[in-house]
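Peer 1: Predicted model follows, preceded by the sequence.
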Amino acid sequence: MNMMTTRRARRHAQPTAIVRVILLTLLLVWTLTPLYFLVLTSLKSYVGTIAYPQSWVPTGGSLANYALMFQNFSADSVSYRFFYAMRNSLIASTVTTILNLVVGSAAAYVLARSRIRGKNILTMAFLASNLLPTVSLIIPFYVLTVSYLGGLHLYDTNTLLIILYTSFSLGLVIWIMRGYFDSIPIELEEAARVDGASRMISLLRVIMPLAVPGLIATGLLTFLTSWDNFILPLVLGPDQSAYNLPFFIYSLNGQYLHLNNEVAAGGVLAALPPVLIILFFGKYIVSGLTAGSVKG
Amino acid sequence: MANPELSQPPRPSLMRRYFRRVSGENAWFVLLLIPAVVILLGVIVIPMLWTLKMSLANTSVSVVGGRGSVGGQFVGWRNYIFLLTDPQFWVALRETLYFWIVSIGIEVTLGIGMALLLNRPFRGFWLVRAVIFIPWAIPTVVNATLWGMIFNGNNYGALNDLLLRWHWIAAPVVWLNPSPLFARIPWLSHALSAIGSNLAINAIIVGDEWKTLPLVAFLVLAGLQMIPQDFYEAARIEGASAWTQFNKITLPLIGPVLSVVLILRTMQLLRAFTILFTLEGYGLPVLSIGAYQQAFSFGNFGIGSAEAFIIGVMALVIAYFYVRKLYREEMQ
Amino acid sequence: MHFWRKFSLAAAGLTMVVAGCGSSPSATPSSSSVHTITLNVLYMNQAGYTTQVLQKMGQEFAAKYRSDHVHVHFTFLPYPEMHNAIVTAAAAPTAQYDVVLSDLIWTAEFAQKGYTIPLNSDINRYISNPQGIPSAIWNGFTINGKIMAMPFLANFQNFYYNKKMLQQAGFSGPPKTMNQWLAQMVALKQKGIVQYPYEDSWKQAEGLTCDYVRTAGEFGAHLFNKQGQPIMNQGGALQALTFMHKLYQDGLVNPNSLTADEPTAADAFASGQAAFNTNWTFVTGIMNTPSESKIVGDGVVGTFPVQPGTNTATGTASVSGFQGLAIPANVPANMQTWAWKWIQFATSPQVQAQHLHSQWPVWSSVASSSQEQQLNPAYAVYEANLAGVYNRPKVANYLQVSAIIQQYVHEAIQGTIPVQTAANDMVQQITALGK
């Protein structure tokens, strides 16, 4: 790794710099080797994945496994299942994110600004609700969905998954956004209202723009959490109308042989949207999270 | 709960009276808060109470006269007593705690280590940061299958292939088998087994940390960068060693960030299901997998609910201490 | 109490409705102006009858009943999720699936709990020649005279070996007895032809129970006696467990077997890492397919070695993995008619004859057809192994029993518990379940 230490560090001691280079190199190797292996596997044939010794350079690699995800589109072909999984993942994650931001920041604003009694306890309750494991709620979810609310036909729908995903990140959104609103001086808002703006307008015009970093951070976090969900589609949405990419990868893996090459290709594609998000917005997630929750 | 006024005829006036009380300023607040509260009640509180109710009955699925339903007779604490006397439950609890504590331990130490390593600016920092962050974005199922390929116990498993190639091992290691560690040293092996440590769970922790360490490190890094440099300058002038600086300045000041990390990660670790289930099925039960198996595989929804409720209560207790600590910090 | 219940339901409902407003339109199956009948069918992702083969069958069915506008809608799940989905679907007032693929091990549970309905009357009425399906297969789905599912495919285990490796070790043919098998494995290992001669699916999952039942069968024993009591701690069942442990201890079976499911074991065999594999019929297809195998031409399917003096009638011992089609008990009456029509269609000899590539047919007439003989040169071996199947115990709490078996067999194999102790514990725990 080509690196240059700052002047201060160089003045310190040369050995420390060398140790740092070594450690950073190790860190990169640790991070990149599995990624490289995933991509490499996705370019192999099935026989290539069960060969010993394994080939660690892409020899005769082909995009056939990727092509599989797009070609020969017919009912329940791999490409068909991939398409629906991708579609459902996009819909469910996007809608969940929007819903979470609207509902969550509205509540966070109230909890930050109002003098409603028990608002601290409420914030805690929201946060605590996010600590509950999915499994401890999935049985009643199922029972409610299919029996008591059976008339709504929510089973196997994105709608159901969106409601549930929302509940699983709402607490975090509220908690972080409340931190943001707390850190915005109340005087700013009051100044706007002196100018004649109503509370709603001052909220939308003055406060929200200041909270944008928090919205970006929590929004992306919600998106990624929803994208990742596996057990809810497994139990509540195993049909093409609701299953998501993790479910697709899981069923691809258990279908027949362990076609690791195809699983790897599917995995790379499933990871692509979140990886792009991280590459471009990773910085905002970190700064948003820390600024909101620590009120730096 | 029972409000006598509810049955009285002029309901609208009651509503109006209530709205008068919350009119103006407060009406907006209530309106903005309601959706979140409804979600909290409808999707968390009520299902949780439902879980409790099912856990106090011998709940099972039955079809009578062409109609399916879930129900059962009230049995009191019987399901809980069953669980607490079932060795499998304690094994699952042990594995859950082991998975949680070891993961958190690794994250705190290595996470801070990584953050310190990245804290000094160097050329190409943005690139390194982007690269290191990628694993965190990989979906858990993909990560699990990836590590399943790496830890494959045949010689063509990626890790075995490398270790065999370098002659570090003579025969392939079955990484994902929950076998005892250090089998040649009986007392150590027994001690490790007793705390729930085995080859498979440690391998899975490694795979899980590959994905999660980056976030921890970057959050800590953000915390580090908020510490004013003059603190360190001042300490150096006073001749404080690097360790003292770390111990007296760095650690206390990244405390708040660290607690955020701990909350985020605890909630993920206690509900950990995906990576363990994908790689081990029911073979390495943690509590959430045990609950899932009891309910959906064995059809004992009562016992499954009891186990699920225990996890829920555990999570809430831990949450309570965390949140209280956080708030205390915020008050200061 | 009553109020609280209503209130909580209302709140939960309100949440779902309110939150649902912002969501996408959920995909409703084609509801065109004509009144279509949608038949929801739950199937499993598997080799042979793949998702696409099933879709094609669904289209043929729709074409057959075109005037009724029937549409078959499939949901596919991986095997480990199938049972859970059927049980949970039984919790709904009205069934989500009109037809479900049922494994024979669930027969007793579904019958006792009433999750699926007995098909006796339909079978008596519409299946003119039930004797065309071997009684071993019918038995798998029958309990107390009730036939809980219509047989759909006949899966069972075969003995696969790599003839090239055996020749290299100086053996002209596969082992006939357990001792011969052991001796061949020892020779293969000692001569360095293969590091681990055998790989099997001994991960803590259903596959392990199957392999244990089969190995006990090879020693001529069942895991349960005629009274239904567990007897793993004596006789052939104990011998089998000792045998499995010995293979592990002596390095004859790949230790990876302890984390392997059936496809993983097949991977190892197809990659030339094992001389023996005992696995379901799908291995026949892959071992000689160049895109899936490195041992093309070397893989042979045979009958199982057995302990001398046992299994004299068949000369082999396998384990059954039959799948049938069943109708959930909460399917409305009008849909039950259509469900049966689909079952009759999918299991008919005519349709099965079109899918010989997919799986071994349940109908003897199809299995012994010249077409099958041409397609599958090993059909005689198949018939022998099918005749020699051992069944897993038919008990209502089967999955719990199986979980106990898996746990102790797994520990006994790797030696964390001595074999006899593990067998005793297994028996004790299973007996305790019954109480």
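Peer 2: Ah, there it is. Numbering: from 1, shown residues only, chains lettered A, B, ... in the order given.

Peer 1: Which residue ranges make up the domains of chain A?
Peer 2: A:7-65, A:71-294 (automatic domain parsing).

Peer 1: most neighbours per residue, which of the ones you listed?
Peer 2: Greatest average neighbour count among the domains of chain A goes to domain A:71-294 (a mean of 21), per mean count of other CB atoms under 10 Å in any protein chain shown. To be clear about C-beta, it is placed using only N, CA and C from the backbone, and glycine gets the same treatment.

Peer 1: pLDDT averaged over it, what's the number?
Peer 2: Per-residue pLDDT values over domain A:71-294 give a mean of 85.

Peer 1: ok so, going back, mind checking which of the domains of chain A is nearest residue B:210?
Peer 2: Closest to residue B:210 of the domains of chain A is domain A:7-65 (CB to CB; 6.3 Å).

Peer 1: ok now that closest one, how far from the chain's centre?
Peer 2: The chain centre lies 25 Å from the centre of domain A:7-65; the measure is CA atoms, centre = their mean, to the nearest Å.

Peer 1: is it anywhere near chain C?
Peer 2: Yes - Domain A:7-65 reaches chain C (CB under 8 Å from any CB of the partner chain) through A:45-47, A:50-52.

Peer 1: three-state assignment of the residue lying closest to residue B:263 once chain neighbours are set aside?
Peer 2: Spatial nearest neighbour of residue B:263, chain neighbours left out: residue B:322 (5.2 Å); criterion: CB to CB, 6 or more residues apart in numbering or on different chains. Secondary structure, DSSP: H, G, I helix; E, B strand; the rest coil: residue B:322 is helix.

Peer 1: okay if I get the domains of chain A as TSV plus distance to residue B:109?
Peer 2: Listed next are the domains of chain A as TSV, based on distance: least, CB to CB, whole Å:
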stretch	distance to residue B:109
domain A:7-65	14
domain A:71-294	20
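
Peer 1: for the ones you listed, which one sits closest to chain B?
Peer 2: domain A:71-294 (3.5 Å; CB to the nearest CB).

Peer 1: Quick one: distance of that closest one to the chain centre.
Peer 2: Counting by CA atoms, centre = their mean, domain A:71-294 comes out at 7 Å from the chain centroid.

Peer 1: before we move on, back to that, between the residues of domain A:7-65 next to chain C, which is nearest chain C?
Peer 2: residue A:50 (3.7 Å).

Peer 1: Show the contacting residues for the closest one.
Peer 2: B:154, B:156, C:267-268, C:270-271, C:273, C:294 (CB atoms under 8 Å, 6 or more residues apart in numbering or on different chains).

Peer 1: what about 6 Å?
Peer 2: B:156, C:267, C:271 (CB atoms under 6 Å, 6 or more residues apart in numbering or on different chains).

Peer 1: Tally up the residues packed near the last one, please.
Peer 2: Applying other CB atoms under 10 Å in any protein chain shown, we find 22 residues neighbouring residue C:271.

Peer 1: I'd like to know how far it sits from residue C:294.
Peer 2: Going from residue C:271 to residue C:294 by CB to CB, to the nearest Å gives 5 Å.

Peer 1: got the residue ranges for the helices in the stretch 151-300 of chain C?
Peer 2: Secondary structure of the stretch 151-300 of chain C (DSSP state H, counting those that start in this stretch): helices located at C:163-168, C:178-190, C:206-218, C:235-249, C:262-270, C:282-287.

Peer 1: The third one and chain B in contact?
Peer 2: By that I understand helix C:206-218. No - if you take CB under 6 Å from any CB of the partner chain as the test, helix C:206-218 misses chain B, and the best it gets is 9.4 Å.

Peer 1: what's the neighbour count on the nearest residue to residue B:150 once chain neighbours are set aside?
Peer 2: Leaving out its chain neighbours, the residue that sits closest to residue B:150 by CB to CB, 6+ apart is residue B:158, at 4.4 Å. Look at residue B:158: counted by other CB under 10 Å, it has 23 neighbours.

Peer 1: again, but for the one 4 residues further on
Peer 2: The burial metric for residue B:162, expressed as a neighbour count using other CB under 10 Å, is 17.

Peer 1: Helix or strand: which one has it?
Peer 2: helix B:158-165 (DSSP states H and E).

Peer 1: So for that helix, mean pLDDT?
Peer 2: The model assigns helix B:158-165 a mean pLDDT of 94.

Peer 1: ok, and what's touching that helix?
Peer 2: Contacts for helix B:158-165 (CB under 6 Å, 6+ apart): A:37, A:53-54, B:150, B:155, B:169, B:172.

Peer 1: now do 8 Å
Peer 2: Here helix B:158-165 has contacts from A:37, A:52-54, B:149-155, B:169, B:172-173, B:175, using CB under 8 Å, 6+ apart.

Peer 1: Name the next helix or strand downstream of it, please.
Peer 2: Next along from helix B:158-165, by DSSP H and E: helix B:186-194.

Peer 1: gap between that following helix and the chain center?
Peer 2: 26 Å.

Peer 1: What is the burial count for the nearest residue to residue B:97 once chain neighbours are set aside?
Peer 2: With sequence-adjacent residues excluded and distances taken as CB to CB, 6+ apart, residue B:97 is closest to residue B:196, at 7.1 Å. Residue B:196 has 21 neighbours, counted by other CB under 10 Å.

Peer 1: How about residue B:233?
Peer 2: Other residues close to residue B:233 by other CB under 10 Å number 10.
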